[in-house]
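> Could you look at this predicted model? Sequence included:
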Amino acid sequence: MSSVLKVFLLDDHEIVRRGVRELIETDGDLVVVGEAGSAEEADEVIASLAELGELPDVAVLDVQLGADSSRGARSGIEVCRDIRSAHPSVACLMLTSFADDEALLDSVIAGAQGYVLKQVRGVELLDDIRRVAGGASLLAQEVVNRVRQRLRERAAEDALLAGLTDRERSILELLAEGLTNREIGERLFVSEKTVKNNMSNVLMKLGMQRRTEAALYASRHLDGRPR
């Protein structure tokens, strides 16, 4: 039994988990040791497996986790990041219904060794699980290069945002919501003139000329960023 590869499954659709589980367990060298339908349940199952000394060799994780993600719940990518941080020996293989460049990049940054579409043939998925369990990466060099470039871009974005004061950042966030200077002033309890002056500083620090440009930037880069 020492040669059997242990697999953990995370997908919010029970029928998908059941199908993947049945597929995996048709082969004698793979066994599912745990499964979950949400990020929170995944935390509990992984913790229990760790206590039992039965950590999986591979975690197969759904990227979006369906409707839960839209309500602000953690995604499979965040679960991947947590697993890789707490248990580096566990390889993570992301499974998704849609090809999404941003999700792919975020998955790689989170530590995933592979990113596979659910349209994959069963025999190919089993082979992918074995490969990542053996330490291989399923990611092409082109993807790795794109991740490196994205990391450089994010570092540059963070440097720009770090130059803003708390008030300037608050103004930028409200600008992204489509508020006027007067509405921003009312929200922050400052005068419209103060907002206008701070807005000028924001544009200067970001190297931009127009409010619309700053609003678009904020909508893309401020979401979820710590102050």
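Perfect, thanks for sending it.

> Could you measure from the residue lying farthest from the centre of the chain over to residue 200?
Computed with CA atoms, centre = their mean, the residue of the chain farthest from its C-alpha average is residue 193, at 39.3 Å. Using CB to CB, to the nearest Å, residue 193 is found at 11 Å from residue 200. C-beta coordinates here come from the backbone N, C-alpha and C atoms, glycine included.

> and for the two, which residues touch both?
Residues touching both residue 193 and residue 200 by CB atoms under 8 Å, 6 or more residues apart in numbering: none at all.

> Look at the residue farthest from the centre of the chain and report its pLDDT.
What the model reports as pLDDT for residue 193 is 93.

> From residue 116, how far out is the residue positioned nearest the centre of the chain?
The chain has residue 77 as the residue nearest its centroid, 3.7 Å off, counting by CA atoms, centre = their mean. Counting by CB to CB, the gap from residue 77 to residue 116 is 14 Å.

> Same question for residue 24.
14 Å.

> What segments of the chain are strands?
Counting by DSSP state E, the chain has strands at residues 5-10, 30-36, 58-62, 91-96, 114-117.

> looking at the ones you listed, which is buried most?
strand 58-62 (a mean of 27; mean count of other CB atoms under 10 Å).

> Find residues that contact each of residue 77 and residue 116.
Contact with both residue 77 and residue 116 is made by residues residue 94, according to CB under 8 Å, 6+ apart.

> close enough to count as contact, the residue nearest to the centre of the chain and residue 63?
Yes: at 6.1 Å, residue 77 and residue 63 qualify as touching, with contact defined as CB atoms under 8 Å.

> and for the two, which residues touch both?
The overlap between the contact sets of residue 77 and residue 63 (CB under 8 Å, 6+ apart) consists of 94, 103, 107.

> Tell me what the residue lying closest to the last one once chain neighbours are set aside is bridged to.
Distances taken as CB to CB, 6 or more residues apart in numbering place residue 94 nearest to residue 107, at 4.7 Å, with adjacent residues excluded. Assessed by DSSP bridges, residue 94 has beta-bridge partners residue 61, residue 115.
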